[in-house]
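**Q** sharing a model prediction with you, sequence too.
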Amino acid sequence: MITRIMDVSSEPINMEYIREASRILKSGGLVAFPTETVYGLGGDATDKEASRKIYAAKGRPSDNPLIVHIARFSQLEEISVDLPATAKKLADAFWPGPLTMVVNKNKVIPYETTGGLDTVAVRMPNNPVALALIEESGCMIAAPSANTSGRPSPTKASHVYEDLSGKIEAILDGGAVDIGLESTIVDLTEDVVTILRPGYINMDMLREVVGEVRIDPGIVYNDKGTTSGARPKAPGMRYKHYAPKGDLTIISGEEDSVVSTINKMAKESILRGQKVGIISTSETAGKYSDGEILIIGDRTDERSIAHNLYDILRQFDELDVDVIYSESFATPNMGQAIMNRLLKAAGQKTIEV
Ligand code: AMP
Ligand code: MG
């Protein structure tokens, strides 16, 4: 199969491409498309075969459910049962936007899409191309991140092409995404709203809308890097994800100690014959001397750090480094989301200095 790339990065959106992509979806094919979080790999959410194809193209375990993307709140009502009042409140506050809600499903969405679960994860993305595609196709679109399973999520069309070229019908290229980290996932099927995956919409923002919010104990790590022992409720959070080829270690603490520790570790690695990568910030890049030094962003702009994280991990794969040393990014609002991804990529390996 030859994967077509359709450029929809300029305004007004080229509707001919949206119609072509819609035809592919309606005939059971797959189209990758931009959202404000990361690129998604879309298929018709009500079509079992399309969902099977998504798992096959990604090499994703079939018990890891897909997120259903919608363009109107009524579509959430169409596919769910026992929808709690909090769903409407959260939608009014954050949709379209980077929040995914897990609710009880009815028969409209097949088990192939939900990895066999009786619940379904639903989101209304805030991206004009994504919304146009959902509206024009009339499909609710099942879409996980458009990467090969185990690789960093794609934040540019070129990342999607690297992973999925020849395996899907088309890619809608809408340029680089906005946020760069996957959506916040909340579970609405229990009494208290529970965060299953941290993202741009954080605990404080959710509490302002619905009051009590808790975090799934299965995704909380203590400072030794181990969980409370509970199993994450979102199946995807149980897998080792986003792992770069190079062995990643995070060094956290006061800036000066972090920099000198990374410099020391980099020198030792190079003496051992290893190729070294360093994840720095614009504030610290000049203080490192050895290895491939990449700048993830600016400490005063946490969005820049989130935005570049996955691209940096892919760049280190291309540079074929053996080890990567990274600073830690416990920034005020997105810190939990950023560190959740970075710690996973590092297999939780952290050194406190
Ligand atoms: P991705 O779209 O690749 O970011 O992955 C979707 C994420 O949503 C994975 O972590 C899934 O495990 C999670 N997810 C999807 N549906 C459900 C559900 N019904 N219950 C809990 N987690 C879900
Ligand atoms: Mg993913």
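**A** Happy to help now that I have it. Residues are numbered from 1 along each chain as shown. Ligands and ions are numbered 1, 2, ... in the order given.
**Q** excluding its backbone neighbours, what's nearest G174?
**A** Nearest residue to G174, sequence neighbours excluded (C-beta to C-beta, 6 or more residues apart in numbering): P34, at 3.4 Å. Any C-beta I mention is one placed from the backbone N, CA and C, and that applies to glycine too.
**Q** brain fart, G116
**A** With C-beta to C-beta, 6+ apart as the measure, D63 is the residue that lies nearest to G116, at 6.3 Å, once sequence neighbours are left out.
**Q** got the contact list for the one you found?
**A** Neighbouring residues of D63 by C-beta atoms under 8 Å, 6 or more residues apart in numbering: 115-116, 235.
**Q** next: L99.
**A** With C-beta under 8 Å, 6+ apart as the criterion, the residues that contact L99 are 90, 123, 183-184, 186, 199, 201.
**Q** just grab the bridge partners of it for me.
**A** Each beta-bridge partner of L99 is listed here, defined by DSSP bridges: T184.
**Q** ok, M15 - how many residues close by?
**A** 12 (other C-beta atoms under 10 Å).
**Q** same check, this time on A87
**A** Neighbours of A87 (other C-beta under 10 Å): 21.
**Q** so which helix or strand takes in it?
**A** A87 is part of helix 85-94, with elements assigned from DSSP states H and E.
**Q** in this structure, which residue sits nearest ligand 1?
**A** Of the chain, the residue with the smallest distance to ligand 1, taken as C-beta to the nearest ligand atom, is G236 at 2.1 Å.
**Q** show me the contacts for the residue nearest the centre of the chain.
**A** The central residue of the chain, meaning the one whose C-alpha is nearest the mean C-alpha position (C-alpha atoms, centre = their mean), is E182 at 2.7 Å. Applying C-beta under 8 Å, 6+ apart, we find E182 in contact with 37-38, 145, 153, 197, 199.
**Q** confidence score at it?
**A** pLDDT, E182: 96.
**Q** and what about it, helix, strand or coil?
**A** The three-state label for E182, taken from DSSP: H, G, I helix; E, B strand; the rest coil, comes out as coil.
**Q** quick check: the gap between it and A56.
**A** For E182, the distance to A56 under the criterion C-beta to C-beta, to the nearest Å works out to 21 Å.
**Q** what do you get for L319?
**A** The spacing between L319 and A56, counted by C-beta to C-beta, is 30 Å.
**Q** before we move on, what about T331?
**A** Distance from T331 to A56, counting by C-beta to C-beta: 37 Å.
**Q** cool, Y17 as well?
**A** 25 Å.
**Q** with neighbour numbers in mind, choose between these two.
**A** The residue with the greater number of neighbours, taking Y17 and A56 and applying other C-beta under 10 Å, is Y17; the counts read 21 against 12.
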